[in-house]
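**Q** coordinates only, sequence not included:
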């Protein structure tokens, strides 16, 4: 419901300034929505590319597992040497998009510089180990992009709700209040004009 505001010129000017501030806020939120939407779209495209790459590599890893199982059987494959402790490097670089953190993750698996000798075994078991270990960098990238999309989506939803509240509720209510005061002020001016005219005739 519109607020009860005294129909005065000062109240009219205050409401008009308030409307200008709301309009500026709405334009900012609208631009923020567009930027967040564009950022989400770009991140989603990168995510889909990485996901397709992960699915392809995962399918190859599954085939290598099948080959290893065909050669060794389940029990013997479980006895094959493992990669041991994870050897690699994980770096995270973040930047802000209108206050939303967007991370870039670089995860590399490597045996270089490790004092632990690489495990031995059959070529099938070795291929299986390497292919599944190679999924880790892609999984890390996908995890980072999933987090980015979640944060961007949350901020977009919050920004969109605020923009709609201004556009659909607050600004229309303010416009109605301005019209009511403007009408009241015009009526007061007419009454004042009539009063002055009558006073002049009486004299």
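**A** Received, thanks. Every value quoted in this text rests on a predicted model; they were computed, and no experiment measured them.
**Q** which secondary structure elements does the biggest helix by length in the chain contact?
**A** Under DSSP state H, the helix in the chain containing the largest number of residues is helix 9-78. Packing contacts for helix 9-78, counted by 3 or more C-beta pairs under 8 Å, 6 or more residues apart in numbering; DSSP states H and E, involve strand 88-97, strand 100-109, helix 123-133, helix 135-165, helix 171-202. Bear in mind the C-beta positions are built from the backbone N, C-alpha and C, glycine included.
**Q** Which one, of the ones you listed, ends up nearest to residue 24?
**A** With C-beta to C-beta as the criterion, residue 24 lies closest to helix 171-202 of the helices and strands packed on helix 9-78, at 11.4 Å.
**Q** where's the closest one relative to the chain centroid, distance-wise?
**A** Centroid displacement of helix 171-202 relative to its chain, using C-alpha atoms, centre = their mean, to the nearest Å, is 49 Å.
**Q** Quick one: low-confidence residue ranges for this protein.
**A** By pLDDT under 70, the low-scoring segments of the chain are 1-5, 83-85, 110-120, 201-203.
**Q** if we can go back for a sec, and the direction of the longest helix of the chain versus that of strand 100-109, what angle?
**A** Interaxial angle, helix 9-78 versus strand 100-109 (axes from the mean of the first three to the mean of the last three C-alpha atoms, to 10 degrees): 20 degrees.
**Q** could we number from 550 for the rest of this?
**A** In the new count, where the first residue is 550, that last one comes out as helix 558-627.
**Q** Residue 629: what secondary structure?
**A** What DSSP: H, G, I helix; E, B strand; the rest coil gives for residue 629 is coil.
**Q** Contacts only, for it.
**A** 617, 621, 668, 670-671, 674 (C-beta atoms under 8 Å, 6 or more residues apart in numbering).
**Q** Just flag the most distant two among those residues.
**A** Spatial extent of the contacts of residue 629 (C-beta to C-beta) is set by the pair 621 and 668 at 14.1 Å.
**Q** Compare these two (neighbour count), which wins?
**A** When residue 621 and residue 668 are compared for neighbours, residue 621 comes out ahead with 18 against 13, by other C-beta atoms under 10 Å.
**Q** residues in contact with that one?
**A** Contacts of residue 621 by C-beta under 8 Å, 6+ apart are 629, 671, 673-674.
**Q** Max pairwise distance over these: which two?
**A** Within these, 629 and 673 form the most distant pair, 9.2 Å apart (C-beta to C-beta).
**Q** Report the set of residues contacting both of the two.
**A** Residues touching both residue 629 and residue 673 by C-beta under 8 Å, 6+ apart: 617, 621.
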